[in-house]
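Kindly return the folded structure for what I paste below:
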Amino acid sequence: MPTAAPTARPPIRSRVGPYLLVAPTVVGAAFLLLYPLARNLLISFQHFRMAELIRGGAPWVGLANYTEVLDDPEFWRVVRRTLAWTALNTVLITVLGTLTALLLIRLGRRMRLAVMSALVLTWATPVIAATTVFQWLFQSRFGVVNWVLDQLGLHGFRDYAWFAHEDATFAVLVALIVWQSVPFAALTLYGGLTTIPNELYESARLDGAGPWQTFRLVTFPVLRPLFALVTSLEVIWTFKCFAQIWVVSQGGPNSATTTLPVYAFQIAQSLHKYDLGSAVSTLTVLILLTALVATLRRMHRQEAEENP
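Now for the predicted structure:
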């Protein structure tokens, strides 16, 4: 019997070409992401203060910086505050984003286009610009929020200094983060909703399922991977928030809004303890990775139990 002719291998240029095309991007990403991470990790094992920054030659101290940070009660207070901050924002963003996506799927074409345009514009607003607008809105004497509350009969908010009170400042920052993040969650989930066949909803209605049962039995199971993705991204986004907190309160008043990124910056830049700041930032990354892995494992386990 005649044997099949051997398949000719593509020339080396055609095999190497794609890698050469992506090489600049890979090298740039490695330089911009991996090098700072490696440098930060290295500094966390050194005694690196202002003197070492100027003259160089930082000595190696091993785990001494991590021991000092972990023995500080303030670090654990900041960790608890950061976890509470992340959980509250993630829940609000996911719930409001889901409700907004469900609203979009039911709106008419023109109204849907208007709402989606507003969401895109909100999402595209620069972080510092949006933060400045919120500072104006909650300004004590000339802010719109105090004026509206006063007109509604809540006269206790006349000239109320939002940024002088711990809980009020925390609430304003939560509102700011949620306002900036809901558009991404809503548009992402709306895109997922458009892929669900109408036959599934019709079958659920024929079986007598109400709106909540339809969402629990049809929408959420189908979009579970998308919900996991949105939740994970929002955990990362809120956990590492820095610019908004620093511009509005710099972690105050009385450290009420100091999260781990702000705490690391305060130690490194205000106290010039770059070694301790690097240790805190490294621990921040480890805590975030642990939280994400635990969240994804729980969602994967639930999906495996429902779909054996």
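
Tell me how far the spatially most central residue of the chain lies from Val61.
Central residue of the chain (CA atoms, centre = their mean): Trp237, 1.1 Å from the mean position. Trp237 sits 33 Å away from Val61, going by CB to CB, to the nearest Å. Just so you know, the C-beta spots here come from the backbone N, C-alpha and C atoms, and that holds for glycine as well.

do Val16 as well
45 Å.

same deal with Val127?
The gap separating Val127 from Val61 is 36 Å, by CB to CB.

Repeat that for Thr295.
34 Å.

How about Tyr19?
Remark: distance between Tyr19 and Val61 (CB to CB) = 41 Å.

Between these two, tell me which one has more neighbours.
Each of Tyr19 and Val61 has its neighbours counted (other CB atoms under 10 Å); Val61 has more, 16 against 9.

Once you drop chain neighbours, what's closest to the more buried one?
Residue nearest to Val61 in three dimensions, not counting chain neighbours: His47, with 4.9 Å by CB to CB, 6 or more residues apart in numbering.

In space, what's closest to Asn254 - neighbours in sequence excluded?
Nearest residue to Asn254 in three dimensions, chain neighbours excluded: Glu166, at 5.8 Å (CB to CB, 6+ apart).

shouldn't that neighbour be in contact with Ala256?
Yes: between Glu166 and Ala256 there is a contact at 3.5 Å, judged by CB atoms under 8 Å.

if we can go back for a sec, ok, the residue nearest to Val61 - contacts?
His47 is in contact with 58-59, 61, 64, 275, counting by CB atoms under 8 Å, 6 or more residues apart in numbering.

How many neighbouring residues does Thr214 have?
If you count neighbours by other CB under 10 Å, Thr214 ends up with 17.

and the gap between the residue lying closest to it once chain neighbours are set aside and Ser270?
Nearest residue to Thr214, sequence neighbours excluded (CB to CB, 6+ apart): Ala204, at 4.7 Å. Distance, Ala204 to Ser270, by CB to CB: 56 Å.

Give me the more crowded residue out of these two.
A count of neighbours by other CB under 10 Å puts Ala204 above the other of Ala204 and Ser270, at 18 against 11.

Output the contacting helices and strands for the helix or strand hosting the more buried one.
Using DSSP states H and E, Ala204 sits within helix 198-206. Contact partners of helix 198-206 among helices and strands, from 3 or more CB pairs under 8 Å, 6 or more residues apart in numbering; DSSP states H and E: helix 211-214.

before we move on, back to that, pick out the most distant pair among the contacts of His47.
Farthest apart among the contacts of His47 by CB to CB are Ala58 and Ala64. That separation is 12.5 Å.

Those two: who's more crowded?
Ala58 (18 against 15).

contacting residues around that one?
The contact partners of Ala58, by CB under 8 Å, 6+ apart, come to 43, 46-48, 52, 275.

repeat for Met116
Residues counted as contacts of Met116 (CB under 8 Å, 6+ apart) are 104, 187, 190.

Reformat the residues you listed as JSON lines; add secondary structure and pLDDT.
As requested, the contacts of Met116 are exported to JSON lines (DSSP: H, G, I helix; E, B strand; the rest coil; pLDDT from 0 to 100):
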{"residue": "Leu104", "secondary structure": "helix", "pLDDT": "93"}
{"residue": "Leu187", "secondary structure": "helix", "pLDDT": "94"}
{"residue": "Tyr190", "secondary structure": "helix", "pLDDT": "94"}
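
Tell me the one of these nearest Pro211?
Looking across the contacts of Met116 and measuring by CB to CB, the closest to Pro211 is Leu104, at 15.5 Å.

now the helices for the stretch 51-200 of the chain?
With DSSP state H, counting those that start in this stretch as the criterion, the stretch 51-200 of the chain has helices at 64-70, 73-106, 109-124, 127-137, 144-151, 166-193, 198-206.

which one of those helices lies closest to Ile245?
Using CB to CB, these put helix 166-193 closest to Ile245, at 6.0 Å.

now for the closest one, which elements pack on it?
Applying 3+ CB pairs under 8 Å, 6+ apart, we find helix 166-193 packed against helix 73-106, helix 109-124, helix 127-137, helix 224-239, helix 243-248.

would you turn the ones you listed into TSV with distance to Ala161?
TSV is the format used below for these (distance: least, CB to CB, whole Å):
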stretch	distance to Ala161
helix 73-106	22
helix 109-124	27
helix 127-137	12
helix 224-239	25
helix 243-248	13
